[in-house]
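1. Okay, here's the prediction I keep looking at, along with the sequence it came from:
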Amino acid sequence: TSLKIGPCSADIEVRTSALDDDDARCRLFSLPRRCWTRSRPMSSAADDDAAKRGVSSIVDCTDVSGGCRSGSVGHLGSRRRYTRIPCAWHSLRSLCASLRMTACETCTPPSRTFTSRASPGRRHRSACVTACAREKSQLSVEDRSDVEAKLVDAVVSSFPDGSAGWVTAGHVKRMLCATCGDEGVASAKLKQAVAWKRDVLDKWLAEQADILRATETRVVAIGQEGRPLIYSGCVNQRRGEVAGKLLACVWDQALQEAGPTAQMDYVLDGHGYQPLLNLDIMPYLRVAHSLDSYFAERFHRIIILDMPSVLVWVVRAIMPLLPTKTREKLFVVQRSDPEQMLNLYELCVDEDMQKMLFELLRMNKAATSSSEREVTHALTNSFLASQRARRT
């Protein structure tokens, strides 16, 4: 059995050729995220046994490691049958101890959880709970601060035009998490991020400034742990709006407000997708290239809702460009499946947020054009304003 754990990445790769017993896998892989382990073909008797052990559902998942992977439902690769294992918080620290690792400072239980009414007893767990497997992650606070300051200076000095002036210790800390503490790789990715922002994003922000004020892609709520929840309804896209450019601009604006180490959740509602308005996929590809640099470690979860067949080819073109960690955070769900919809509703902080999302999805599902777009914006803007008023 081999195990790889990266700091703050939930990047877990397990090869289980030596573990033939399902119960042994359950004990080993009871990690604090949704994890999957191979199961025998399910029969009615096996279903009853799974229910007794607390397994809530059976899904198809892309087989990428021959054993266990965390948090995603594959749909574009080879399929194997997997069983969802109940989460147990203490298992991660026990596993760290057994491997003589030290849990990193982010491996702390979340201070607040929300139990969705649609899923009694199901609790939200932070995606950013992992163990530090590298000696660099065990540096003292002072040493880490020195490393971060050194990397900031190195990146900023590499751009005499001042385009790296936005890089701070927070951005360095996030990139070190994304690269498992590798300072050289983190520095290189930060430089890529600076170049992408200067050459691509800044131009898009200037070009789309007027449209951004009322674009369909927007922050609709503040979810668990203060993460902005960003939503795009394909049915409400209008002529002249370049979805890929607007997507990157809205993501950036939301994250600028949330902070250099903050993450976000993103929902793409594929109902009413308009292929004739999205014939040019180059903006999407340019955004995809930035997910391993400028937007590295920025996503907690990405949900594609009701993905139509005409959108699949776009997703197929983008998937190879996505970092492995980002692909593992991608969920493809259907409105008609209550179990799959829990992947969205468990992001809510309270019942009011869940009701707002339910109503938003209902309105856009009923729409056949963008004529009701302003009505849906009024709904989400009002809710977001009330959320922010309560937080201040």
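-> Yep, that arrived. Residues are numbered from 1 along each chain as shown.
2. Please make it C-alpha for all contacts and neighbour counts, starting now.
-> OK.
3. OK, contacts around residue 307?
-> 269, 270, 271, 332, 333, 334 (Cα atoms under 8 Å, 6 or more residues apart in numbering).
4. ok, which pair from those is furthest apart?
-> Largest separation among these by Cα to Cα: 271 and 332, giving 12.8 Å.
5. Pick out whichever of these two has more residues nearby.
-> residue 271 (22 against 19; other Cα atoms under 10 Å).
6. What about the contacts of residue 307, which are in strands?
-> Mapping the contacts of residue 307 onto strands (DSSP state E) picks out 269, 332, 333.
7. Would you format these as CSV with pLDDT and distance to residue 161 included?
-> What follows is those, written out as CSV (pLDDT from 0 to 100; distance: Cα to Cα, whole Å):
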residue, pLDDT, distance to residue 161
269, 98, 40
332, 95, 42
333, 96, 45
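8. of the residues you listed, closest to residue 386?
-> residue 269 (23.7 Å).
9. how much space is there between the closest one and residue 173?
-> According to Cα to Cα, to the nearest Å, residue 269 and residue 173 sit 32 Å apart.
10. Compare those two (neighbour count), which wins?
-> A count of neighbours by other Cα under 10 Å puts residue 269 above the other of residue 269 and residue 173, at 25 against 20.
11. The more buried one against residue 302, yeah?
-> No. Between residue 269 and residue 302 there is no contact under Cα atoms under 8 Å: 11.0 Å.
12. pLDDT weak spots in the chain?
-> For the chain, the stretches with pLDDT under 70 are 1-142.
13. Could you pick out the longest helix of it?
-> helix 373-391 (DSSP state H).
14. same for it, what does it pack against?
-> Contacts defined by 3 or more Cα pairs under 8 Å, 6 or more residues apart in numbering; DSSP states H and E place helix 373-391 against strand 218-222, helix 351-366.
15. cutoff 10 Å now
-> Here helix 373-391 touches strand 218-222, strand 228-233, helix 351-366, going by 3 or more Cα pairs under 10 Å, 6 or more residues apart in numbering; DSSP states H and E.
16. helices or strands next to the first one in the packing?
-> The criterion is 3+ Cα pairs under 10 Å, 6+ apart, and the helices and strands that strand 218-222 contacts are strand 228-233, helix 243-258, strand 264-269, helix 351-366, helix 373-391.
17. relative to helix 243-258, how tilted is the first one?
-> Just to be clear, that refers to strand 228-233. When axes from the mean of the first three to the mean of the last three Cα atoms, to 10 degrees is applied, the directions of strand 228-233 and helix 243-258 differ by 160 degrees.
18. Pipe the contacts of residue 307 into TSV and attach distance to residue 390 per row.
-> Compiled in TSV, these are given as follows (distance: Cα to Cα, whole Å):
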residue	distance to residue 390
269	28
270	32
271	32
332	32
333	31
334	32
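19. just curious, which of those residues is nearest to residue 382?
-> Distances from residue 382 to those, taken as Cα to Cα, are shortest for residue 269 (20.3 Å).
20. Spell out which residues sit in contact with that closest one, please.
-> 231-236, 303-308, 333-335, 361, 364-365 (Cα atoms under 10 Å, 6 or more residues apart in numbering).
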